[in-house]
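here is a sequence with its predicted model. Questions after.
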Amino acid sequence: MRHVIYYALMLLLAFVCYRYGQNLLRKGPRDENGELVKGPLGPVGFLMCAGIACALLFFMLRALIRREIQCLGKGCQGQLYTMAANAAEYWSNMFFLLWMVVGLGYALYLTLKIWFRH
């Protein structure tokens, strides 16, 4: 039951982020005051998010290939979840990594889309 609540909250948060991004794109190049609409990330934040997203994607692909993932929480550091022995925990951590990669990728997409529109 805990996993169902976890997945539902993650999907709800993803929906809220999606709506925020769509509202930013719908505004156009300028807001109500005539100021340029700024993206969710600045140049330094963009580079940091790109680096973090690439690292998380690497960890996710490595976990898919090896079929084992380290616990991502504070209370279980050093614990290793394998797909055969701990399937629920394995997929829970994989879903979290996927959500982070997709969320950061969406923030990067929004930023580029806002920076390069006419």
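That came through, no problem. Residues are numbered from 1 along each chain as shown.

show me where this protein has its helices.
Listed from the start of the chain, the chain has helices (DSSP state H) covering 2-26, 43-66, 87-115.

what would the ones you listed look like in TSV with mean pLDDT?
Conversion of the helices of the chain to TSV gives the following (pLDDT from 0 to 100):
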stretch	mean pLDDT
helix 2-26	87
helix 43-66	91
helix 87-115	88
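
what's the most buried one of these?
Each of the helices of the chain was scored by mean neighbour count; the highest is helix 87-115, a mean of 17, by mean count of other CB atoms under 10 Å. (Each C-beta comes from the backbone N, C-alpha and C, glycine too.)

between that helix and helix 2-26, how big is the angle?
Counting by axes from the mean of the first three to the mean of the last three CA atoms, to 10 degrees, helix 87-115 points 10 degrees away from the direction of helix 2-26.

dump the helices of the chain into a markdown table; add distance to Gly75 as well.
Conversion of the helices of the chain to a markdown table gives the following (distance: least, CB to CB, whole Å):
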| stretch | distance to Gly75 |
| --- | --- |
| helix 2-26 | 14 |
| helix 43-66 | 19 |
| helix 87-115 | 12 |
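
what about the closest residue to Leu36 other than its chain neighbours, how many neighbours?
Spatially, and ignoring its direct neighbours in sequence, Leu36 is nearest to Arg30 (6.1 Å; CB to CB, 6 or more residues apart in numbering). Here the number of neighbours of Arg30 (other CB atoms under 10 Å) works out to 10.

Arg30 touches Val37, doesn't it?
Yes: because the distance of 6.5 Å satisfies CB atoms under 8 Å, Arg30 is recorded as touching Val37.

count of residues packed around the residue nearest to Ala63 when sequence neighbours are not counted?
In this structure, Ala63 finds its nearest non-sequential neighbour in Ile69, 4.0 Å apart by CB to CB, 6+ apart. Taking other CB under 10 Å as the criterion, the count of residues near Ile69 is 25.
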